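Visitor: Any chance you can model this:
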Amino acid sequence: MRKALLLLILTFAIPPKLLAQRYHSGEIPRYDVGLQFDFNYLDGVGDGGGGFGGRFDYNFNEHFALDSQIIFRQHDVSVPVGAAVGTGAIWQTTGLFGLRAGQRVEDTGFFLHARAGFLHFGSNDGVSLLSRSTFPAFDVGGGLERYTGPMILSFELGELIVAYGNATVSPEPYQVLPPPTRVGTRASPVLGLGIGFRF
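Guide: Okay, the predicted model is just below:
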């Protein structure tokens with residue numbers, strides 16, 4: 001993790017002319033496609049951790065874009081195995097779609113985003129972490145982008161708000177909270193790192 005963060009910081013410091021000729025202000029590419037790495041803790045639900053996925057943006061102009069991403073992550077939770085306790089895996093899928101607005105200054109962009117979508121839990125044995133498996137989600141935050149020719153490096157910081165409603169944490173086989181616990185609406189910080197290309 002430290003090496004990846006150091007590499008990202010060093011890449012932001014490299015002058016763009018060393019890697020490729022930069023785009024002129026009138027040549028904003030329409031499409032951004034890349035890989036996204038997110039780190040978050042789901043307040044009251046799971047242990048959080050890192051996830052990975054994809055990102056796609058459609059740039060209307062240099063200030064506004066349609067912003068979307070889908071992230072997959074795994075949560076390890078305690079599972080009763082006979083008289084002992086083992087470890088099981090819950091898969092989390094987060095899909096978010098929305099708008100991004102900001103300003104590009106030379107080879108750097110500063111943006112605010114608001115995205116709505118869903119959060120879905122599943123497992124290989126079909127048992128859900130919660131009494132329901134899919135919930136509405138909303139993400140709001142900001143980010144910084146560094147452009148080196150067609151390559152984009154991005155850093156995002158946001159807040160993921162999930163409306164779990166009356167859902168409760170499943171008492172069996174996954175023991176995360178003492179049942180019956182109504183989850184309600186929870187907000188959790190999200191840190192995102194991305195690498196992609198624009199064309």
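Visitor: list the buried ones in the lengthiest strand in the chain?
Guide: Among the segments of the chain that qualify as a strand by DSSP state E, the longest is strand 84-105. Of the residues in strand 84-105, those buried under the neighbour-count criterion (16 or more other C-beta atoms under 10 Å) are 88, 90, 92-96, 98, 100, 102, 104. C-beta coordinates here come from the backbone N, C-alpha and C atoms, glycine included.
Visitor: who touches the spatially closest residue to Asp32 that is not a sequence neighbour in this structure?
Guide: Nearest in space to Asp32, with sequence neighbours left out and distances taken as C-beta to C-beta, 6 or more residues apart in numbering, is Asp57 at 3.9 Å. Asp57 makes contacts with 31-33, 65-68, 100, as judged by C-beta atoms under 8 Å, 6 or more residues apart in numbering.
Visitor: pLDDT (mean, whole number) over the helix or strand where Asp57 lies?
Guide: Assigned by DSSP states H and E, Asp57 falls within strand 49-59. In this model, strand 49-59 carries a mean pLDDT of 94.
Visitor: Ok, stretch 62-77 next?
Guide: Average pLDDT, stretch 62-77: 90.
Visitor: Could you pull up the residues touching the closest residue to Arg30 other than its chain neighbours?
Guide: Counting by C-beta to C-beta, 6+ apart, Asn59 is the residue found nearest to Arg30 once chain neighbours are left out, at 5.5 Å. When contacts are counted by C-beta under 8 Å, 6+ apart, Asn59 touches 28-32, 65, 198.
Visitor: same check, this time on Gly98
Guide: By C-beta under 8 Å, 6+ apart, the contact list for Gly98 reads 66-68, 113-117, 139.
Visitor: And Gly192, by the same measure?
Guide: Residues touching Gly192, when contacts are defined by C-beta under 8 Å, 6+ apart, comprise 36-39, 143, 154-158.
Visitor: what about the strands in the chain?
Guide: With strands called from DSSP E, the chain shows them at 31-40, 49-59, 64-81, 84-105, 108-122, 134-148, 151-163, 185-198.
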